[in-house]
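Trainee: Predicted structure and sequence below. I'll ask about it afterward.
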2 protein chains.
Amino acid sequence: MNCILASTSTVYGEQYLAYIVDELAVLFTGVETILFIPYARPSGISYEAYTAIARKAFEAIDKKIVGIHEFETIEAAFSNTQGIFTGGGNTFVLVDALYRKEVLMPLKKVIQSGVPYLGTSAGSNICGLTMKTTNDMPIVYPPSFTTLGIVPFTINAHYVDPDPSPTHNGETRATRIQEYHVFNTPPVVGLREGSWLRVKDTTITLQGSLTARIFEQSKAPYEIASGSLLSTLY
Amino acid sequence: MNCILASTSTVYGEQYLAYIVDELAVLFTGVETILFIPYARPSGISYEAYTAIARKAFEAIDKKIVGIHEFETIEAAFSNTQGIFTGGGNTFVLVDALYRKEVLMPLKKVIQSGVPYLGTSAGSNICGLTMKTTNDMPIVYPPSFTTLGIVPFTINAHYVDPDPSPTHNGETRATRIQEYHVFNTPPVVGLREGSWLRVKDTTITLQGSLTARIFEQSKAPYEIASGSLLSTLY
């Protein structure tokens, strides 16, 4: 496997994918055309509009983008795929579409075969065992919360630390993840914006300048440094 | 029907239910014993621990609390029910339990028969048409997102306005609700902490000191004042 699973597409004050574009040039070395999966529809935009945004960003590194909806069949989309990018948006909408359009299994096989894959936000979440630590609103009911299992844990994208002076009674991110572990055993990786996981074969490394927060069942949460292997999690 | 659907159990700096206790004395006039539904398990606490918290709060107005799990059958729990309180926590956990324990339909019938009902947070969300505008993390997979439909819209509890100076790329509450309306037609009522809906027969009134934010499909969101009837929504 050969993946970048990023917390976010965009860091504050920068253009779409700009902070990670040098890494993407390496990930997609030798790739001419990248298959884009726009199913997560951020702000509800169309597949066409979302694909245009991805296309523009990849012009900077001379890669062509083709949307999966531009193919007549899913089989055609995945034949001879050189690289894949699943963009962020709503994870429920994304997972629902992956199941209903029967894309989940072909996508898993192609990633497992070593085709370079980029996920951002929801596109990273789906590489976990389940989507159970998404932050998104459940605006559609997907057939299952089980996802690709490319990494042996779940991802919490856009991870933020609890506000030190809360005046609001809504649960913090940390409390939500603590509740997750009452019902689920797999670890959770809280990826801050600007961080990504680099998956190469069976090795998973934290990259970017920030630490990540790891939540394991029945353990106090802890930080890992950039460059750490996530090998204690499996 | 005779319900209070509150955004939150607790406002900042106060004890559990303290801000609304005078209203609860009116709602539960003549009621000796209130059936408590602890299924939402905030922070993953047990049914027993959660029921003890509710019991303590209702001592202030001389009401006895009995947990639904203390009965041998669901039928026994709902026979001669004088009043009901569903506490907050995780809406996915609550809805999953309501389906799996076959409580959803008996609960709906009893509320529709006019038995006084209090919901806080997740306990209010379940009175909407669906749970699709919950803020909670999908830590379990319920059999459906369809809920009680006591009110003809969905509720967003703990509603907060977007941060005016965001440095974070995660979606705001308003963006999430906008995405909801790409896929769903029912209105959404954004209830701020300290607000509640008072349902009496077919009349629904916003109460508490704050305004609420209303989201309708294909319309700009707008505020309604405390005391407003929510009759434009149905």
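Mentor: Perfect, thanks for sending it.
Trainee: Now do the same contact list for the residue positioned nearest the centre of chain A.
Mentor: Centroid-nearest residue in chain A: A:Ser124, 0.9 Å away (criterion: CA atoms, centre = their mean). Contacts for A:Ser124 were tallied using CB atoms under 8 Å, 6 or more residues apart in numbering or on different chains; they are A:Leu5, A:Ala6, A:Ser7, A:Gly88, A:Ile155, A:Ala157, A:Leu191, A:Trp196, A:Leu197. (Glycine included, C-beta is placed from N, CA and C.)
Trainee: Is the fifth one in a helix, a strand, or coil?
Mentor: The local conformation at A:Ile155, judged by DSSP: H, G, I helix; E, B strand; the rest coil, is strand.
Trainee: returning to what we had before: leaving out sequence neighbours, find the closest residue to the residue nearest to the centre of chain A.
Mentor: What sits nearest to A:Ser124 in space, not counting adjacent residues and going by CB to CB, 6 or more residues apart in numbering or on different chains, is A:Leu5, at 3.9 Å.
Trainee: Can you pick out the most distant pair from the contacts of A:Ser124?
Mentor: A:Gly88 and A:Leu197 (14.8 Å; CB to CB).
Trainee: Pick out whichever of the two has more residues nearby.
Mentor: A:Gly88 (28 against 25; other CB atoms under 10 Å in any protein chain shown).
Trainee: Assumed that one was part of a strand.
Mentor: No - using three-state DSSP, the secondary structure at A:Gly88 is coil, not a strand.
Trainee: helix or strand for A:Asp22, which one?
Mentor: helix A:21-27 (DSSP states H and E).
Trainee: Packing partners of that helix?
Mentor: strand A:2-6 (3 or more CB pairs under 8 Å, 6 or more residues apart in numbering or on different chains; DSSP states H and E).
Trainee: what is the rounded mean pLDDT of the strand it packs on?
Mentor: In this model, strand A:2-6 has a mean pLDDT of 98.
Trainee: go on, stretch A:180-191?
Mentor: 97.
Trainee: From start to finish, how long is it in a straight line?
Mentor: 16 Å (CA to CA, to the nearest Å).
Trainee: I'd like the distance from the helix-or-strand element of chain A with minimal mean pLDDT to the chain centre, please.
Mentor: Lowest by mean pLDDT, DSSP states H and E among the helices and strands of chain A is helix A:173-183, with a mean of 92. Taking CA atoms, centre = their mean, to the nearest Å, one finds the center of helix A:173-183 at 20 Å from the center of the full chain.
Trainee: what do you get for stretch A:201-219?
Mentor: The answer for stretch A:201-219 is 14 Å, by CA atoms, centre = their mean.
Trainee: List the buried residues for that stretch?
Mentor: Buried residues in stretch A:201-219, counting neighbours by 16 or more other CB atoms under 10 Å in any protein chain shown, are found at A:Ile204, A:Leu206, A:Gln207, A:Gly208, A:Leu210, A:Thr211, A:Ala212, A:Arg213, A:Ile214, A:Phe215, A:Glu216.
Trainee: Now flag whichever of these is closest to chain B.
Mentor: Proximity of those to chain B (CB to the nearest CB) peaks at A:Phe215, which lies at 11.9 Å.
Trainee: Need the nearest residue in space to the closest one, chain neighbours excluded.
Mentor: A:Val188 (4.2 Å).
Trainee: could I get the helix or strand hosting the residue nearest to the centre of chain A in CSV with only the CA atoms?
Mentor: Under the criterion of DSSP H and E, A:Ser124 resides in helix A:122-125. Extracted in CSV, the C-alpha atoms of helix A:122-125 (Å, rounded to 0.1, in the frame of the first residue of the first chain):
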residue,chain,number,x,y,z
ALA,A,122,-13.7,12.1,5.0
GLY,A,123,-11.4,10.5,2.4
SER,A,124,-9.0,9.5,5.2
ASN,A,125,-11.8,8.4,7.6
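Trainee: Distance from the chain centre to it, please.
Mentor: With CA atoms, centre = their mean, you get 2 Å for helix A:122-125.
Trainee: same question, stretch A:126-134
Mentor: Distance, centroid of stretch A:126-134 to centroid of chain: 9 Å (CA atoms, centre = their mean).
Trainee: could you pull out the helices for chain A?
Mentor: Applying DSSP state H to chain A gives helices spanning A:21-27, A:47-59, A:74-78, A:91-100, A:104-112, A:122-125, A:173-183.
Trainee: got the contact list for A:Pro142?
Mentor: Counting by CB under 8 Å, 6+ apart, A:Pro142 has contacts A:Phe92, A:Val95, A:Asp96, A:Tyr99, A:Met131.
Trainee: neighbours around the residue nearest to A:Phe215, how many?
Mentor: A:Val188: 26 neighbours (other CB under 10 Å).
Trainee: Please tell me I have it right and it contacts A:Gln178.
Mentor: No - applying CB atoms under 8 Å as the test, A:Val188 and A:Gln178 come out as separate, 9.8 Å apart.
Trainee: Mind checking which of the buried residues of stretch A:201-219 land in strands?
Mentor: A:Ile204, A:Leu206, A:Gln207, A:Ala212, A:Arg213, A:Ile214, A:Phe215 (DSSP state E).
Trainee: thought the first one was touching A:Leu229?
Mentor: When you say that, I think you mean A:Ile204. Yes - A:Ile204 is within contact range of A:Leu229, at 6.8 Å (criterion: CB under 8 Å).
Trainee: got any residues that touch both of these two?
Mentor: With CB under 8 Å, 6+ apart, A:Ile204 and A:Leu229 have no common neighbours.
Trainee: hang on, the earlier thing: mind listing what the residue nearest to A:Phe215 touches?
Mentor: A:Thr133, A:Phe153, A:Thr154, A:Ile155, A:Asn156, A:Ile177, A:Tyr180, A:His181, A:Ile214, A:Phe215.
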